[in-house]
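Enquirer: my questions are about this predicted structure, shown below with the sequence.
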Amino acid sequence: MFPKGTKRKFSDSGEEAVSSGDQGPAAPSAAARMLSSSYSLQRQSLLDMSLIKLQLCHMLVEPNLCRSVLIANTVRQIQEEMTQDGTWQIMTQALAAAQCPTDRLVATEVLCRQTDPAAQAGQSPKPYAVVGVEEGYHSEEVVMEGDVETDVTMSTLSPVSPQLSSASYLAGPFGMGPCWEEEEEDGECEEEEEEEDSEECVSEGEEGDGDHLSADSRTGEQVFGTFEIKHPAPPPDPALEELFSDVDPSYYDLDTVLTGMQSAPKMGPYDLLDSLSSHGPTALSSSSSCRSDLNELDHIMEIIVGS
Amino acid sequence: ILCGYRYFTFSIRTVGPDLACTDIISTVEFNYSGELLATGDKGGRVVIFQHEQESKNRPHLRGEYNVYSTFQSHEPEFDYLKSLEIEEKINKIRWLPQQNAAHFLLSTNDKTIKLWKISERDKRAEGYNLKDEDGRLRDPFRITSLRVPVLMPMDLMVEASPRRIFANAHTYHINSISVNSDHETYLSADDLRINLWHLEITDRSFNIVDIKPANMEELTEVITAAECHPHQCNVFVYSSSKGTIRLCDMRAAALCDRHSKFFEEPEDPSSRSFFSEIISSISDVKFSHSGRYMMTRDYLSVKVWDLNMENRPVETYQVHEYLRSKLCSLYENDCIFDKFECCWNGSDSAIMTGSYNNFFRMFDRNTRRDITLEASRESSKPRATLKPRKVSTGGKRKKDEISVDSLDFNKKILHTAWHPKDNVIAVAATNNLYIFQDKIN
């Protein structure tokens, strides 16, 4: 399930940044407002969903190249459309505006650093970003050394922010070494990524729980974002209340449709056998569910030991 | 053709200690005569069924398919260089035409293709001179006379042995293998390349298609399926994730990067969405037995193409058009990436493909009638005729119809096969195999 908080926050911050003043010229914001807000929300949620799918590379088995190519093409399409109607600019400006490490609001980004410097000057030289809401941040949820907030922000923001205005771009998923390339380049360490992903993803797949992707802050190569969406903490933050106050109700419709598709199938007498297969009755996360990663780790150990 | 399919079932692997996910059937294929039916599963096993002769007491029934041979074709491997596991799941099985008493098939996982020989043994020799019946060597000094070993009948044993292993030729995941009509060569296709092999030579293959871009970030299209022409050994086709099919002639050049024919249906601009490309991705391509047509399966439809007409298909059949309004949800749960296969019947007059909720669809090309059937134990009694199913799309749901929101998207029929001569079909529903045949009389 893609996180609710993410999408709301994102579009609200976009409008916030514009309204709070001086960020961009009036034209892009007007264009953005002219778009039906439900369409742009849906488009944004599709973008978020696609980015999550691209990130959740199944690190134990090579990911399905066809699927990844199709998702990346979808992201490109959305990005192109958003560039044309100006919302792309708003998003990047919102991202810049939201970068305040001391806030409860933590802006996280998904960036794939291009590996080809020639492409730097190429088309769509814009970063895209997903902003996550974070409440009651707990240090133990992030497997990173060091201090809580600063470390997270350090790992996600600081290497990234200087690049914000520079030309980092989308098409990077194919540059993400282990997922695409046949040879190792620049010593990319899949092991490191693999470990973090599998550790971090234990809690994934539980509806309503904190969905969790690890951040892999490699220095030169790639930057992944930290996604943290949690239950709203019992004492609500007034800042966040304000953000949620003008959420477009059409969002809930989208969720309903999506949750509707996830409803558990009726279990007949023979379905027990079916449910024992890896295609469980509820496929909440994408195919690369980290829930199975632990089993796969065991499986891999068996193979290594066996061989 | 479409009416009166009876539930004839053979359900395999019903209950077992490690049922888990290794028993999901991943490929189904009849051999050239239809006598044998091979299935491959996610655990790397191949199970072959054999059609039994009709019993004399009940001549009106066709014989059943019973297990003939089971063997482990592929094992899981670990690529130490990339720190990635190589799945043992059998992606495809293709039979070779039978040339002697033994049967040969090719089975492949993501990386390695194997040629298996399946042979019967129903006699054994007894009365060896140098060893006794247990196999222990006899003391040569004790042998006082010579005897000729005699062949004694024994219980039928079916042995499978790997005869060739075609490895290390694919960097990406193999999605297709196809035996050429010359019966000497075959092709294997992965996401970006197609190789041509000789069945006798395992240490090298010819690369005949390579669509890998110099810069992987420019990759926007992959190969999804490939097949050799059934009669012209120089012709093959491959389909792509952008909904295109390229027909190539191996006589034209060593590297067939340039196609001879390019098949693509122009997009309908009114139905364009963010999912248009994904649902146009072709998951399977099959030549007709006649070699005049080919069929492609994309997410929502099956299309029949005349090889002489490149700009559009001659027939289009909607498999589950009611899913068009659910594409966003199907993208979210990844079902939109499901790869359905399709198949022709022996006379090319009908085609079949799978859907969700254990439904599968058959289309009669002549009458343009279509039918939806279900492969499940609840809805089928042995020997009973299958009842047609219907998905209700409108507001009012009729009795016996099922609404789109009640469909179980975990029960998908991706693999189906049609007997090359008779009206017998094999349908794989997750970890069960269903065999249906039509009524006689």
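Expert: Everything's here; your move. Numbers count the residues shown, from 1 in each chain, chains lettered A, B, ... in the order given.

Enquirer: doesn't A:S38 lie inside a strand?
Expert: No - counting by DSSP: H, G, I helix; E, B strand; the rest coil, A:S38 is not found in a strand; it is helix.

Enquirer: in the lengthiest strand in chain B, what's buried?
Expert: Determined from DSSP state E, the single longest strand within chain B is strand B:150-166. Using 16 or more other Cβ atoms under 10 Å in any protein chain shown as the test for burial, strand B:150-166 gives B:158, B:160, B:164, B:166. Any C-beta I mention is one placed from the backbone N, CA and C, and that applies to glycine too.

Enquirer: between these, which is nearest A:Q79?
Expert: Closest approach to A:Q79 among those (Cβ to Cβ): B:F166, at 40.9 Å.

Enquirer: related to what we said a few turns ago, please save the CA atoms from the longest strand of chain B in CSV.
Expert: Extracted in CSV, the C-alpha atoms of strand B:150-166 (Å, rounded to 0.1, in the frame of the first residue of the first chain):
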residue,chain,number,x,y,z
VAL,B,150,18.8,-62.8,-21.0
LEU,B,151,16.5,-59.9,-21.1
MET,B,152,13.7,-60.2,-18.5
PRO,B,153,10.7,-57.9,-18.3
MET,B,154,10.6,-55.5,-15.5
ASP,B,155,8.2,-52.9,-14.2
LEU,B,156,8.2,-49.9,-16.5
MET,B,157,10.7,-47.3,-15.5
VAL,B,158,10.9,-43.9,-17.0
GLU,B,159,14.2,-42.3,-16.8
ALA,B,160,15.1,-38.7,-17.4
SER,B,161,18.6,-37.7,-18.0
PRO,B,162,20.1,-34.4,-18.9
ARG,B,163,21.9,-34.7,-22.3
ARG,B,164,23.0,-31.1,-22.9
ILE,B,165,23.4,-28.1,-20.7
PHE,B,166,23.4,-24.8,-22.5
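
Enquirer: so what does that strand touch, helix or strand wise?
Expert: Contacts defined by 3 or more Cβ pairs under 8 Å, 6 or more residues apart in numbering or on different chains; DSSP states H and E place strand B:150-166 against strand B:65-72, strand B:113-126.

Enquirer: nearest to chain A, out of these?
Expert: Nearest to chain A among those is strand B:65-72 (13.9 Å), distances taken as Cβ to the nearest Cβ.

Enquirer: is any residue of that closest one near chain A?
Expert: No - if you take Cβ under 8 Å from any Cβ of the partner chain as the test, strand B:65-72 misses chain A, and the best it gets is 13.9 Å.

Enquirer: can you list the buried residues in the helix or strand just after that strand?
Expert: Next helix or strand after strand B:65-72 toward the C-terminus (DSSP states H and E): strand B:77-79. Residues of strand B:77-79 classed as buried by neighbour count (16+ other Cβ under 10 Å): B:77-78.

Enquirer: Provide the strand pairings for strand B:77-79, with the direction of each partner.
Expert: When pairing is defined by DSSP bridges, strand B:77-79 lines up against strand B:84-86 (antiparallel).

Enquirer: average pLDDT across the strand it pairs with?
Expert: Per-residue pLDDT values across strand B:84-86 average out to 89.

Enquirer: repeat that for stretch B:331-347.
Expert: For stretch B:331-347, mean pLDDT is 96.

Enquirer: can you give me the offset of that stretch from its chain's centre?
Expert: Remark: stretch B:331-347 is offset 12 Å from the chain centroid, using Cα atoms, centre = their mean, to the nearest Å.

Enquirer: buried stuff in it?
Expert: B:331-346.

Enquirer: is that stretch in proximity to chain A?
Expert: Yes - applying Cβ under 8 Å from any Cβ, one finds stretch B:331-347 in contact with chain A at B:331-334, B:337.

Enquirer: which ones among these are found in strands?
Expert: Nothing among those maps onto strands, per DSSP E.

Enquirer: which pair of the residues you listed spans the longest distance?
Expert: B:E332 and B:F337 (11.3 Å).

Enquirer: distance of B:M309 from B:S406?
Expert: Using Cβ to Cβ, to the nearest Å, we find B:M309 at a distance of 40 Å from B:S406.

Enquirer: these two - which one has more neighbours?
Expert: B:S406 (14 against 11; other Cβ atoms under 10 Å in any protein chain shown).
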